[in-house]
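[1] next one to model:
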Amino acid sequence: MTETVNFPLIGEAQVQNTLGEGILWDPRHNAFFWTDILESRLFKWRFDTQAIQAWDLPSRAGSLGLTEDPELLVVAFEEGIGLLSMEDGEIEWLFVPDITQKPEIRFNDGRVDPKGRFCAGTMNEKDEHTKTPEGALYQVDEQGKHAVLVDNVGVSNGLSWSPCGTVMYFADSPTQTIYRFDYDPVTGTASNRQPFATTQGDEYPDGAICDAEGNHWSAKWGGHRIVVYGPAGEIKQVLPMPVPQPTCLCIGGPNHDVLAVTSARVGLSEQTLDEMPSSGNVFLFQLPKSVGVADNYFVLPPVQP
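    Residues are numbered from 1 along each chain as shown. As a prediction, the model looks like this:
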């Protein structure tokens with residue numbers, strides 16, 4: 001039976017992002033990090049002081065991952081994957097695929113896998129919800145060695161792993177489908193692709209996470225809500241959102257009991273923005289218990305002597 005929940009709203013970052021995405025919790029900074037893709041900006045929101053800091057990036061960043069160094073992020077920039085220093089803004093490129101001949105292709109959603117590799121997918125920016133499937137989901141390690149996990153993708157989204165690391169979830173947004181894969185954390189291979197859940201109408205699966213109980217939390221672009229699926233794909237809970245385009249989420253905070261949700265303003269009419277002025281903000285909700293799973297850290301290259 002589906003339960004509609006209204007978790008207490010305990011914080012709202014009034015950043016009005018054009019396209020907020022990729023939110024993560026880093027306990028070393030006691031902060032949430034996320035990106036505004038279209039504005040090429042990185043944000044940090046400290047949980048204790050509520051201070052918000054922003055950096056300009058050299059290009060659009062679709063997603064982020066934590067690394068073993070608290071001052072380095074692994075980032076899926078529009079053109080490739082690199083290590084970003086938060087101290088000086090320098091980028092060490094790990095993998096730049098040959099997508100330069102197709103400027104409509106850029107990187108989008110991504111996360112660090114259970115063994116410390118970064119997985120991020122590309123998308124075709126033409127024709128919002130009818131994109132030709134020219135994207136792919138890539139996996140990159142600390143040496144820049146890469147593999148393709150999924151090909152023929154329209155818009156890569158919703159990447160997450162079960163707590164045990166043996167199930168991978170991945171959404172191709174234009175198909176309105178979340179897929180489930182068997183995942184081998186040791187070899188980093190995905191197999192046995194199966195439909196897990198679908199959406200209807202103007203609702204599309206966007207960013208997602210798995211909680212400690214194996215539930216899959218999915219932000220619904222165009223759906224005004226977060227949907228929590230059980231491991232079998234059944235809808236367990238629905239969290240209504242005050243914005244039409246929630247984009248990504250994580251569960252963080254010192255006790256792993258705070259749900260953070262990014263959102264977007266892009267494409268909304270003036271009337272919609274007048275009715276829902278919080279569009280583009282980041283929201284924090286207090287969960288009734290600790291169900292968050294710590295994000296994996298990207299394994300860094302060994303330091304050269």
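[2] all helices in the stretch 201-305 of the chain, in order from the N-terminus.
    Using DSSP state H, counting those that start in this stretch, the helices assigned to the stretch 201-305 of the chain run over residues 270-275.
[3] so where's it uncertain?
    In the predicted model, the stretch 201-305 of the chain carries pLDDT under 70 at residues 303-305.
[4] for the strand ranked longest in the chain, packing partners?
    Among the elements of type strand in the chain, defined by DSSP state E, the one spanning the most residues is strand 189-198. For strand 189-198, the elements it packs on are strand 146-153, strand 167-172, strand 177-184, strand 216-221, strand 225-229, judged by 3 or more C-beta pairs under 8 Å, 6 or more residues apart in numbering; DSSP states H and E. Quick note: C-beta positions are derived from backbone N, CA and C, even for glycine.
[5] that one: how far from the chain's middle?
    Counting by C-alpha atoms, centre = their mean, to the nearest Å, strand 189-198 is centred 18 Å from the centre of its parent chain.
[6] just stretch 36-46 next, same as before
    Offset of stretch 36-46 from its chain centre (C-alpha atoms, centre = their mean): 13 Å.
[7] which residues in the stretch 51-200 of the chain form strands?
    Remark: strands of the stretch 51-200 of the chain, listed N- to C-terminal, are 52-56, 61-66, 72-77, 81-85, 91-95, 105-112, 118-124, 135-140, 146-153, 156-161, 167-172, 177-184, 189-198; assignment by DSSP state E, counting those that start in this stretch.
[8] equivalent analysis for the stretch 201-305 of the chain, please.
    Chain-ordered strands for the stretch 201-305 of the chain, with DSSP E, counting those that start in this stretch as the definition, fall at 204-210, 216-221, 225-229, 235-240, 246-252, 258-263, 282-286.
[9] and the ones you listed as CSV, adding distance to Ser156 and mean neighbour count?
    Formatted as CSV, the entries for the strands of the stretch 201-305 of the chain read as follows, by distance: least, C-beta to C-beta, whole Å; neighbours: other C-beta atoms under 10 Å:
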stretch, distance to Ser156, mean neighbour count
strand 204-210, 11, 26
strand 216-221, 13, 25
strand 225-229, 19, 21
strand 235-240, 23, 17
strand 246-252, 13, 25
strand 258-263, 17, 25
strand 282-286, 22, 21
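[10] and those strands as a markdown table, adding distance to Gly62?
    A markdown table is the format used below for these (distance: least, C-beta to C-beta, whole Å):
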| stretch | distance to Gly62 |
| --- | --- |
| strand 204-210 | 11 |
| strand 216-221 | 14 |
| strand 225-229 | 20 |
| strand 235-240 | 24 |
| strand 246-252 | 10 |
| strand 258-263 | 12 |
| strand 282-286 | 17 |
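[11] out of those, nearest to Thr49?
    strand 282-286 (13.9 Å; C-beta to C-beta).
[12] show me the contact partners of that closest one.
    The set of residues external to strand 282-286 that reach it, using C-beta atoms under 8 Å, 6 or more residues apart in numbering, is 7-13, 15, 17, 20, 23, 32, 34, 43, 45, 239, 241-242, 253, 257-263.
[13] please state the offset of that strand from the chain centre?
    In terms of C-alpha atoms, centre = their mean, the gap separating the centre of strand 282-286 from the centre of its chain is 16 Å.
[14] the inter-axis angle of that strand versus strand 258-263?
    Relative orientation of strand 282-286 versus strand 258-263 (axes from the mean of the first three to the mean of the last three C-alpha atoms, to 10 degrees): 160 degrees.
[15] partners of strand 282-286, with directions?
    Here the strand partners of strand 282-286, with direction, are listed using DSSP bridges: strand 9-13 (antiparallel), strand 258-263 (antiparallel).
[16] sorry, back to before: format the strands of the stretch 51-200 of the chain as TSV; extra columns: mean pLDDT and mean neighbour count.
    Listed next are those as TSV, based on pLDDT from 0 to 100; neighbours: other C-beta atoms under 10 Å:
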stretch	mean pLDDT	mean neighbour count
strand 52-56	96	12
strand 61-66	98	26
strand 72-77	98	25
strand 81-85	97	21
strand 91-95	95	16
strand 105-112	95	26
strand 118-124	94	26
strand 135-140	95	23
strand 146-153	94	17
strand 156-161	97	26
strand 167-172	97	26
strand 177-184	98	19
strand 189-198	97	14
